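>>> Provided below are the primary sequence and the corresponding predicted coordinates.
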Amino acid sequence: MDAYTGEIRAFAFIYAPQDWLFCDGSLINVSQNPALYSILGNRYGGTPNINFRLPDLRGLAPVATGINSATGMTATIAQVQGDRTVTLQSLQLPQHTHKAKGVNALAGQNLSDTPSATTWPAVTRYLPGNVTYDSWTTGTPTTTMHPLALGPMGGDLAHGLEAVSHPNISPYLTVNFCICAYGMYPIKS
């Protein structure tokens with residue numbers, strides 16, 4: 001198999017082919033493979049002129065170097081970015097509203113929490129935990145309510161956000177990434 005030293009390929013089998021090593025972050029002595037060290041250096045870790053680490057692609061997705069014109073993201077060689085989990089902040093959630101069903105009770109109307117043959121639904125309020133509170137009204141006043149309490153139905157309900165992270169992983173298929181340890185030496189053009 002013709003390959004350049006330092007070239008990385010994906011393989012569908014469970015072993016590294018001859019002259020290839022798994023991209024698993026292994027520590028290699030410079031004296032074992034000076035050609036591969038001359039290409040990788042210590043970009044992925046290790047002690048200069050003593051040992052070096054192979055790229056570690058376990059659980060990571062490879063990304064090309066450069067600036068992505070669509071996203072503005074800059075990626076440099078050997079850089080690891082991203083998070084496996086993310087905690088959403090309230091500013092990351094879109095503003096939205098929920099419509100409540102019901103009608104406004106008129107001033108002086110009787111509100112009851114018990115339905116009867118002479119009452120009709122007045123307000124349905126949705127409370128945290130999917131609890132509903134229903135009320136009914138009749139035309140017979142028993143209490144005079146303040147006019148400000150009888151305006152259009154509505155209001156704000158802030159959902160309690162907990163600072164809990166959630167998985168942030170794209171769907172994936174596992175294959176083995178290997179690096180060519182002994183191949184043709186890549187000459188710069």
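Sure, I can see it.
>>> What segments of this protein are strands?
For the chain, the strands defined by DSSP state E cover 8-11, 20-22, 27-29, 51-53, 66-67, 74-75, 85-86, 110-112, 120-127, 131-138, 166-167, 176-180.
>>> Kindly state the domain boundaries assigned to the chain.
According to automatic domain parsing, the chain comprises the domains 8-85+169-180, 98-160.
>>> Least reliable of those domains by average pLDDT, please.
Ranked by mean pLDDT, the domains of the chain bottom out at domain 98-160, with a mean of 53.
>>> Kindly format the C-alpha coordinates of stretch 80-92 as CSV.
The C-alpha trace of stretch 80-92 is given here as CSV (Å, rounded to 0.1, in the frame of the first residue of the first chain):
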residue,chain,number,x,y,z
VAL,A,80,-8.4,20.1,19.9
GLN,A,81,-11.7,22.0,20.1
GLY,A,82,-15.2,21.4,21.2
ASP,A,83,-17.0,20.0,24.2
ARG,A,84,-18.6,16.7,24.8
THR,A,85,-21.2,18.3,27.0
VAL,A,86,-22.7,21.7,27.1
THR,A,87,-24.6,23.6,29.8
LEU,A,88,-27.2,25.9,28.2
GLN,A,89,-27.7,29.4,29.6
SER,A,90,-31.0,31.2,29.5
LEU,A,91,-29.7,33.6,26.9
GLN,A,92,-29.2,30.7,24.5
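>>> which residues are contacting it?
With contact meaning C-beta atoms under 8 Å, 6 or more residues apart in numbering, stretch 80-92 is reached by 59-60, 63, 75, 161, 163-169. Yep, even glycine has a C-beta here, placed from its N, CA and C like the rest.
>>> which among those residues gets closest to residue 180?
Of all the contacts of stretch 80-92, residue 180 sits closest to residue 60, with 19.0 Å by C-beta to C-beta.
>>> tally of neighbours for the nearest residue to that closest one once chain neighbours are set aside?
Closest residue to residue 60 apart from its sequence neighbours, by C-beta to C-beta, 6 or more residues apart in numbering: residue 80 at 6.7 Å. For residue 80, the neighbour count with other C-beta atoms under 10 Å is 10.
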